[in-house]
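[1] Structure for the following, please:
(2 chains)
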There are 2 protein chains.
Amino acid sequence: MRNAPLTHAHGRDRLAGTAPLRRPGAVGGAVAAGPGRAPVPAPVAGGTHPLVRGDENASLGAYERGVKAAFDAIKPTLRRISALQHEAEFEIQAQRVARMELGFTLPESLLADAWVDQLDMRRLFAWSVFSTYRRYCDDFFARDPLAAEDAETFDGFLRGCGFHTMDISPCADGRLAHLIRYVLRLPHRSVRRKSYAGALFDIEDSIQKWVETEMLRCRGGLPDTAGSVTRYLKVVAYHFSSGDPTREGCAAHGSDTARAASAGLERLFNFQHAIENAFCCGATIDLLLIGVDTDTDAIRIHIPDADGEIDLDRYVDSLDLFTATIRQDASRARHDIQGAIMESAPDAAPGMARLIEYLIENNFSQIAYVRAYHGKSYADIGHAERFVGAGIGFEEIQLRNLMYFAYLSTVEEATQDLDVGIGIFTRLNVARGLPVPVVVRFDYHGNVPGARARAVERCERVTGALQARYADLHRRGLLHVMQVVRDCNGTDPIEVLACTADAATGTGGH
Amino acid sequence: MRNAPLTHAHGRDRLAGTAPLRRPGAVGGAVAAGPGRAPVPAPVAGGTHPLVRGDENASLGAYERGVKAAFDAIKPTLRRISALQHEAEFEIQAQRVARMELGFTLPESLLADAWVDQLDMRRLFAWSVFSTYRRYCDDFFARDPLAAEDAETFDGFLRGCGFHTMDISPCADGRLAHLIRYVLRLPHRSVRRKSYAGALFDIEDSIQKWVETEMLRCRGGLPDTAGSVTRYLKVVAYHFSSGDPTREGCAAHGSDTARAASAGLERLFNFQHAIENAFCCGATIDLLLIGVDTDTDAIRIHIPDADGEIDLDRYVDSLDLFTATIRQDASRARHDIQGAIMESAPDAAPGMARLIEYLIENNFSQIAYVRAYHGKSYADIGHAERFVGAGIGFEEIQLRNLMYFAYLSTVEEATQDLDVGIGIFTRLNVARGLPVPVVVRFDYHGNVPGARARAVERCERVTGALQARYADLHRRGLLHVMQVVRDCNGTDPIEVLACTADAATGTGGH
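    Residues are numbered from 1 along each chain as shown, chains lettered A, B, ... in the order given. Below is the predicted model of the structure:
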């Protein structure tokens, strides 16, 4: 792939062609309800509710459609090219089609052999998915299309609510990948996201993050000094399907909503107890449990009472509130959100209640977004990811159903998640003769000497382990891997190390 | 193994039979040279030099001999039992021999089948090694035989030298397993030890430890407050063989002393730069590089100058100093140690110089120890480990050449270390028809909810991965694994989960 420069400037480039999005949020001055919130948003397209931000929906929608269209153009384009393969001047024609439809040209060497044998469509498909992923990443890091202008205001708002850090663990399911920036409308660099199958986050990893956070507060006064009374807020986001609850819920919990919620809550309590037991001076954290309906993106928030206790049966439902307040004016609707929270947990901490109001109001825009662009619920309520991501990183993945994510350091520890992912892609791709495209990615801290070299080594090790575990797919050219690293300290683009779909370095062709 | 209780109380129990050791150190009051140091130690057996602590050597020697004798009795005892297997009343005779020579009885079921087939000596051998290991651990955690009475004094001394934490990474080679308690004579619970092949410690892991340490200082004032001017001291201990430098040095560095030293130094600098780059407010650490001659246990210390710079060619050699001062009185010998350090690095920080004086004086006792009990150098200058340890934990391993240690979370990341270990045991054991005994062990923090369950899961996963990687050995009954967890927050004994050598749960018999 390194031999074939990506032609951003040519053709109908769906990514580059997308007009830079208007930065969402920050339409007016800050008001009590949250940072960068307009007092009374004007009614706009897509906004059926007075609290819905139509401009933001329009720009988020354009971005999502642009990215997905780029991926979804691959199959029909390659089908057209396949039909041309025995025609005169095939290579010229094929490159013309590819440039026009995909925005890049295909590797000459993969086209050149078509007259001898037939085109290696599996390799071309994987190569195209990887190229599109790379362009998507380059766009993300160059243009920052999902930047939130209200990020700093949000940080202050969060501290005002009593939290110096918001650490969210959603399920790794691709249908929750847009949780931060779309479902909750939060600035994605202001919160920590770490996804796990079933939202069952790693307690030891979270303790490390808590320790680091407290150390930075102590030593550097970042984001606030240790003397401040703010706390670390850990959030779990489990999920369910309102339309098909027993089949399209969380696979890790057997599509059982009650199990998903109680397992998430148990993990939260265990994390809290771990901090309280292991550290001195009254160390503790705050907890929040959120359920997401992956059909509509509506949320239910289980509101902690004054003692921080969370009840699985006590929650506010954003869709109920959305429906109940749709004909009101903005200030009355906000008043009713506050009322519902008060009713659910009369003694909730005021800061926690403010944060929950903010999240519910934010989610109203997403409910309207789904309705405006997808109807009553998503058409793809099931899995429809375009590729698998394995490793550590993937900050740019803020879109729904784009990538199946397996957060891992080793294949050995993540066989369960990976088997699920390969199973999904066996149905989505392999059953149609198409390969599973896997991006193996390890982000590193560029200011730590040797960190890049270690990330490169990890990429190679994990790639080898994947090819060994799924040896049959690999041998049949049905598993393609692109290895990627990125310095997460800067704004640099991703760095592609190797790719099995490349003509030169490729292995595993059929 | 759970079915056959270990019979601590019976027979000639080499471990239980060892008289409780006199606690080393703390012979007299503290003096300037270090904690718990007698002003003028009386000359005693094994102490040829005025600064050598003969009492300590005697008790450390008795402990080491007791433990090793317990392991080394296994082969001859099983050979005797093997010779009896077709005699009348074999089982009664065998148990009598086992009880007398090993201090425990063998599983009835393994003996009962001898009349049908022949004795499964591989399984009996592995079972005996694991039983002995378990008794060794139980003794260690119950009796604390290596406890240093001067531990608290040492902590204060270390802070007085300007260090709140001493974090040592030796090579994982079994010939350095006694570095802390024997070679450097430090209280083993007062320093952090994390061993890596070639002493090439994991920088990210060390950063985490630094962060945790600084957080505890900030929040809890432990071990001192963040306002104190003490620093984190990271030490690397590489090794070499004075007698056979090109063959018995560090395998990870091709038995090249210069390479071992420079790789260790580079890793130290990289860690320091990582801390300086990644954290604010002038964060930094101090560094120390130590070389160990595994033939004699003498050390060379590369003394940092006033700027913390370390020169590979500038060091003091403890054996040279030992020889030069052997006929002097204690205070003159100490004076000469100070002089040698001053000469090597005239502008060394006074606290660093004091710590180095202390380490060299401590090491004099170990030089005398090796001379007294092993002659000019160890007889086993090569590998002679009794079993492999894989995982995280093993605090009790403070003895030389007892265990080959592969520090790991997954087999996938540690294949290199494991292959070396299996290679060593292929020569030591498999070549003689004996199996490789592997203890898979994960220590956990009992105050973290779910931590034990996760440690148990890790044991199972790593055991499975080992059996898959070394499938041929496993199939032939030449790889036996005992799974162990331990709560490292308390003084509890180890907990044995499963053991392939057990009659009931065993697999992999030949």
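[2] contacts, neighbours, all on C-alpha from now
    OK.
[3] okay, now the residue of the stretch 401-510 of chain A found nearest chain B: neighbour count?
    In the stretch 401-510 of chain A, the residue that lies nearest chain B is residue A:448 (4.3 Å; CA to the nearest CA). Per other CA atoms under 10 Å in any protein chain shown, the neighbour tally for residue A:448 reads 20.
[4] Output the set of residues of the stretch 251-400 of chain A in proximity to chain B.
    Counting by CA under 8 Å from any CA of the partner chain, the stretch 251-400 of chain A comes close to chain B at A:270-271, A:273-275, A:277-281.
[5] Can you say which of those are buried?
    Neighbour-count burial (16 or more other CA atoms under 10 Å in any protein chain shown) is assigned, among those, to A:270-271, A:273-275, A:277, A:279.
[6] With respect to pLDDT, which of those residues ranks lowest?
    In terms of pLDDT, residue A:279 ranks lowest among those, with 83.
[7] Look up the closest residue to that residue, ignoring the ones flanking it.
    Leaving out its chain neighbours, the residue that sits closest to residue A:279 by CA to CA, 6 or more residues apart in numbering or on different chains is residue B:216, at 8.0 Å.
[8] My guess is that neighbour contacts residue B:209. True?
    No - using CA atoms under 8 Å, residue B:216 is not in contact with residue B:209; the gap is 10.6 Å.
[9] Comparing those two, which residue is more hemmed in?
    residue B:216 (23 against 18).
[10] ok so the more buried one is a helix residue?
    Yes - under DSSP: H, G, I helix; E, B strand; the rest coil, residue B:216 sits within a helix.
[11] Report the contact partners of it.
    Contacts of residue B:216 were listed using CA atoms under 8 Å, 6 or more residues apart in numbering or on different chains, and they are A:279, B:222-223.
[12] And the strands in the stretch 251-400 of chain A, which stretches?
    For the stretch 251-400 of chain A, applying DSSP state E, counting those that start in this stretch gives strands covering A:286-293, A:299-302, A:316-317, A:387-392.
[13] Tell me the pLDDT of residue A:493.
    Residue A:493 is given a pLDDT of 96.
[14] Cross-check the contact I'm expecting between it and residue A:136.
    No - using CA under 8 Å, residue A:493 makes no contact with residue A:136, being 10.3 Å away.
[15] Please say which of the two ends up with more neighbours.
    The neighbour count for residue A:493 versus residue A:136, taken as other CA under 10 Å, is higher for residue A:136 (22 against 18).
[16] Need the per-residue pLDDT for residue A:382.
    85.
[17] now it: how far from chain B?
    Per CA to the nearest CA, to the nearest Å, residue A:382 is found 31 Å from chain B.
[18] Spatially, which residue comes closest to that residue, not counting chain neighbours?
    Nearest to residue A:382 is residue A:248, by CA to CA, 6+ apart, at 6.2 Å.
[19] residue contacts, the one you found?
    Contacts of residue A:248 (CA under 8 Å, 6+ apart): A:240-241, A:255, A:381-382.
[20] can you rerun that using 10 Å?
    Residue A:248 is in contact with A:239-242, A:254-256, A:294-295, A:381-383, counting by CA atoms under 10 Å, 6 or more residues apart in numbering or on different chains.
[21] That one should be in a helix, yeah?
    No - membership of residue A:248 in a helix is not supported by three-state DSSP, which gives coil.
[22] Under the pLDDT cut-off, which ranges of the stretch 201-350 of chain A? List them.
    A:281 (pLDDT under 70).
[23] do that again at 80, thanks
    The stretch 201-350 of chain A contains residues with pLDDT under 80 at A:219-228, A:280-282.
[24] Please, where are all the helices along the stretch 351-500 of chain A?
    A:415-428, A:451-469, A:471-475 (DSSP state H, counting those that start in this stretch).
[25] now those as CSV including mean neighbour count, mean pLDDT and distance to residue B:313?
    What follows is those, written out as CSV (neighbours: other CA atoms under 10 Å in any protein chain shown; pLDDT from 0 to 100; distance: least, CA to CA, whole Å):
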stretch, mean neighbour count, mean pLDDT, distance to residue B:313
helix A:415-428, 18, 92, 48
helix A:451-469, 18, 97, 28
helix A:471-475, 17, 97, 50
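[26] Columns distance to residue A:158 on top of these, output as JSON lines?
    What follows is the helices of the stretch 351-500 of chain A, written out as JSON lines (distance: least, CA to CA, whole Å):
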{"stretch": "helix A:415-428", "distance to residue A:158": "33"}
{"stretch": "helix A:451-469", "distance to residue A:158": "32"}
{"stretch": "helix A:471-475", "distance to residue A:158": "47"}
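[27] which one of those helices lies closest to residue B:141?
    Nearest to residue B:141, of all the helices of the stretch 351-500 of chain A, is helix A:415-428, at 35.8 Å by CA to CA.
[28] ok, back up a step: which residues touch the residue nearest to the residue of the stretch 401-510 of chain A closest to chain B when sequence neighbours are not counted?
    Spatial nearest neighbour of residue A:448, excluding adjacent residues (CA to CA, 6+ apart): residue B:274 at 4.3 Å. Shown in contact with residue B:274 (CA under 10 Å, 6+ apart): A:445-451, B:203-204, B:207, B:268, B:283-284.
[29] Against residue A:238, how distant is residue A:472?
    To residue A:238, residue A:472 is 34 Å away according to CA to CA, to the nearest Å.
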